[in-house]
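Participant: compute the structure for the input listed below.
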Amino acid sequence: MTTPVTPPGAETNQALARGLYVLRRLVESGRPMSATELARELGLHQSSISRVMSTLGEAGFVRKNEQGGFVPDYGVITLAAETTRLPLLTKPVAVFNALLEEYPRLTLATSMLWRSEMLYLLRSNVGGLTHLYDNVRYPLHRSSPGLRLLLDLPEEQALAMLADSRRAHGWTGDPAVIPATEAEVLAAARANLEHDVLILQGWADPQQISGAIPVRTSEPHPVAMAIVVTDGSMDADELRLLLHRARRELEAAFRD
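Facilitator: Here you go, the predicted model:
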């Protein structure tokens, strides 16, 4: 039997929490879902889900396809479009572009630790283009900024978030490089932390070195910047110094 899901916020406003949860599930699934399927997942009566879908449909956020399954409607795009105005997505751009003029072969990224998810916000392509990250969610155990931010949390909380990420995304990566357990991954990250910077060498690719540093912003969720070097143009000490410089410039941009 499927275990009922309790959407975040359900204790305070059940209708709103259900609606937001259903909308997110539809977007994440990438496929049509029936009211019966959603009701089973939430552990609710189908009539309750039908009322939620009716409300979301009237607001333009979901619709039925030709086969009768529910899919996201284009009202979702209006929500996504507004997020591009958020300070975390606008203020770092000038800093990124200036750094890329000096170091065009690097990959730069900012990300946020949100619940048990690593949300990548901005990133650069080789060649200097800064853009919204098109794969916003990423497993914590593979993410240098994610692991760096976990190191600032109580260990029990960090391990629980890694376990949540394992359930959501699996435990991918080369087992010869990435440890098999949450505790071992956290210990490996802690061993590679120096002067507030986490450096991971060969973690995602044998030729890759990545570094991450926390960045102070006015946001309630922890934020980090990451830099990835894939061409051997920078060693760990150089990358560490560049991340400290980038943090100073980003924090100044966020204060403006």
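
Participant: quick one: what helix or strand has the residue of the chain positioned farthest from its centre in it?
Facilitator: Largest separation from the mean C-alpha position in the chain: S47, at 33.3 Å (CA atoms, centre = their mean). Assigning secondary structure by DSSP states H and E places S47 in helix 46-58.

Participant: let me know the average pLDDT across the following helix or strand past that helix.
Facilitator: Counting by DSSP H and E, the next helix or strand C-terminal to helix 46-58 is strand 62-64. When pLDDT is averaged over strand 62-64, the result is 92.

Participant: mean confidence for the next helix or strand after strand 62-64?
Facilitator: Next along the chain after strand 62-64, taking DSSP H and E as the criterion, comes strand 70-72. Mean pLDDT, strand 70-72: 90.

Participant: for stretch 192-202, same thing?
Facilitator: 97.

Participant: quick one: end-to-end length of it, please.
Facilitator: In terms of CA to CA, to the nearest Å, the two terminal residues of stretch 192-202 are separated by 12 Å.

Participant: ditto for stretch 190-206
Facilitator: Span of stretch 190-206 from end to end, CA to CA: 20 Å.

Participant: now do that stretch: distance to the chain's middle.
Facilitator: 19 Å (CA atoms, centre = their mean, to the nearest Å).

Participant: for it, buried residues please.
Facilitator: 192, 197-201, 203-204 (16 or more other CB atoms under 10 Å). For glycine as for every other residue, the C-beta is placed from the backbone atoms N, C-alpha and C.

Participant: secondary structure and distance to A39 for these - can I get that in CSV?
Facilitator: Formatted as CSV, the buried residues of stretch 190-206 follow (DSSP: H, G, I helix; E, B strand; the rest coil; distance: CB to CB, whole Å):
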residue, secondary structure, distance to A39
N192, coil, 46
V197, strand, 47
L198, strand, 43
I199, strand, 47
L200, strand, 43
Q201, strand, 48
W203, coil, 41
A204, coil, 39
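
Participant: including distance to L140, could the residues you listed go into JSON lines?
Facilitator: Output for those, formatted as JSON lines (distance: CB to CB, whole Å):
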{"residue": "N192", "distance to L140": "15"}
{"residue": "V197", "distance to L140": "18"}
{"residue": "L198", "distance to L140": "13"}
{"residue": "I199", "distance to L140": "17"}
{"residue": "L200", "distance to L140": "13"}
{"residue": "Q201", "distance to L140": "19"}
{"residue": "W203", "distance to L140": "12"}
{"residue": "A204", "distance to L140": "13"}
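
Participant: what's the farthest-apart pair in the residues you listed?
Facilitator: V197 and A204 (17.0 Å; CB to CB).

Participant: where along the stretch 1-150 of the chain do the strands fall?
Facilitator: For the stretch 1-150 of the chain, the strands defined by DSSP state E, counting those that start in this stretch occupy 62-64, 70-72, 107-114, 117-124, 130-132, 137-138.
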